[in-house]
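Here's my sequence, what's the structure:
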Amino acid sequence: MATPIDPQEVPDLVGLDDLHADYLALLDARPEYERAELFYNGLVDEKYSSPKVARLLSKFGLNDFPSFNLAHIAVDAITDHLHLNSVTIEDNALDNVLDDIRDANDLDEELPLLMHNAGKFGDAYLFVWPETDQSGNAVGVRMEPQDPRVARVFYSTENPTVMERAIQSWETGAKETLTVRANLYYADHIERWMHRGKVPKDARRAKWVPFTEDGQPASIPNPYGQVPYFHYRTARPYGIPLHVNAYGPQLAIDKLVRSHLATVDYQSFPQRYALVDPTADLSGSQTGDFHPEHPVDGISPEEPGDSQLDADPAALWNLDGYKEVGQFDAANPDHFLKPFDRYIKAMAQATQIPFQAFDSTGDAISGESRRVANEPLYVRVEHLQKDFGGTLRRSYAFALEVLGESPEDITINWKPVRNINDLQGWQTLLIKHQMGIPLDVIFAEAGYNSADIDSWLANAPGTETPNQAPQQADSNEGVTPNERPN
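Model prediction:
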């Protein structure tokens, strides 16, 4: 078992200088995370160059019209391919321990959400810490995903690969009862702080005090020698939202959609006009169709009556007093729809997401063409599988260390991104195999994972594995071509 945490061995509080700066850094990072979530959810407010246009759209109720959101596709198209098949370890005796950790922390549900948040925000964290009994012995392990708006890690300036510390901060109460809590995590101890009321930016005016109100010490030893936070990120040192390049096209699309909707009423019900002839004699028989009080036809305006203007196709309307009638043309929808399509293409180009992910209504393309178009997407997914897989491996290794185990060779198995499931693709693979390419390479190109391939080849009768092929060749040494078996 891991070294028990002795509450009597309380380290000194040394992080006050770090605390305020780290807290402000956490606050400074929040607006960009909030912006990323707004764009992902299609809730960003549109800005208009003309205040009059903004007032008109408000009048029509279009200022609150839901966004025609496409930006989220730049995140979903990548994270939907991050399928974690399994986490395995060379020592089979630890398989049950891994299963217990996964079940106790609902990792089958939490890990996909964590990786999705890492794509949406650019950063996400996994906090790993022991569950202890009253004696301080580790009886379990907590693996808790944390939002980058409440937690942030900090790296060494000298060596950016070394995580120096982490902060977690949240608020309780409001106004007069507002309390800001903050925990600092170091490689050797954890510090717990609190601040009554809103924290001022000036460190000299801040009044941070150690938190001991729950009966626990303000400083807790960390016997594991590392910061218990694991950083899932799309870039270094801090991540970038996968849809950040979709922000501009999304704003343009929102503006086009709202402006187009403002003209739809005029396309459905055109606005008409009639030009009066000042020299016309208005005593004609059609006056009752236009005069509000019907002075000459004897028909009451309160009762329905037959109009003298017949709507039959061959009818002729005699309009006394009017020189010309007509209607105003509504805005041409092509002025909105053509730029709309162009901005969708711009979003696909800017985010390096295949266009068919944004628009599936186009012509069907072959499997090979689709794979070529998806190649940049596959490369990005595999890059994240490598980065997230390394972080997840370290997370599990630390969790097992907390439980007193010494894990070796933890393997993260992902569902392959590339897969071939069309006839043309398999025919190409068959030709490759007939040309001498081994089956394990063929299966790998088809998109199957290495564990399944090894199992199939091991159980397939008469199948040569790559290690057996050289032995076959050696057994034929010294045999003439005529003597070799067919």
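
Between the two ends of stretch 414-427, how far is it?
Taking Cα to Cα, to the nearest Å, stretch 414-427 runs 26 Å from one end to the other.

who touches it?
The contact list for stretch 414-427, computed with Cβ atoms under 8 Å, 6 or more residues apart in numbering, reads 81-85, 366-368, 371, 378, 381-382, 385, 389, 429, 444-449. Where you see a C-beta, it was placed from the backbone N, CA and C, and this is true even at glycine.

if you set the cut-off to 6 Å instead, what comes out?
Stretch 414-427 is contacted by residues His81, His83, Asn85, Gly367, Tyr378, Val381, Glu382, Gln385, Ala446, Gly447, Asn449 when judged by Cβ atoms under 6 Å, 6 or more residues apart in numbering.

what do you get for stretch 108-125?
33, 36, 40, 75, 78-79, 82, 145-146, 148, 151, 229, 232-234, 238-242, 388.

do stretch 223-243 as well
By Cβ under 6 Å, 6+ apart, the surrounding residues in contact with stretch 223-243 are 3, 36, 71, 74-75, 78, 118-119, 122-129, 153, 155, 160, 163, 166, 185, 187, 388, 391, 395.

My understanding was that Gly389 contacts Ile410; is that so?
No: using Cβ atoms under 6 Å, Gly389 is not in contact with Ile410; the gap is 9.9 Å.

returning to what we had before: just the buried ones among the contacts of stretch 108-125, please.
Buried subset of these (neighbour count, 16 or more other Cβ atoms under 10 Å): 33, 36, 40, 75, 78-79, 82, 145-146, 148, 151, 229, 232-234, 238-239, 241-242, 388.

Setting aside sequence neighbours, what's the nearest residue to Arg196?
Among residues not flanking Arg196 along the chain, Thr179 sits closest, at 6.0 Å (Cβ to Cβ, 6 or more residues apart in numbering).

helix/strand/coil for the nearest residue to Pro407 once chain neighbours are set aside?
Nearest residue to Pro407 in three dimensions, chain neighbours excluded: Leu400, at 4.3 Å (Cβ to Cβ, 6+ apart). Classification of Leu400 by DSSP: H, G, I helix; E, B strand; the rest coil places it in helix.

Next, count neighbours for Leu400.
Close neighbours of Leu400, defined as other Cβ atoms under 10 Å, add up to 22.

Then Phe154?
Residues near Phe154, counting by other Cβ under 10 Å: 18.

got it, and the one 10 residues further on?
Glu164 has 16 neighbouring residues, counting by other Cβ under 10 Å.

contacting residues for it?
Phe154, Ser156.

gap between Val180 and Ala206?
For Val180, the distance to Ala206 equals 10 Å [Cβ to Cβ, to the nearest Å].

can you check Gly447 too?
Separation of Gly447 from Ala206 (Cβ to Cβ): 55 Å.

next one: Leu84
According to Cβ to Cβ, Leu84 and Ala206 sit 42 Å apart.

and what of His83?
Taken as Cβ to Cβ, the span from His83 to Ala206 is 46 Å.

So, low pLDDT: which residues of the stretch 151-300 of the chain?
Within the stretch 151-300 of the chain, the segments meeting pLDDT under 70 span 262, 264-270, 273, 280-300.
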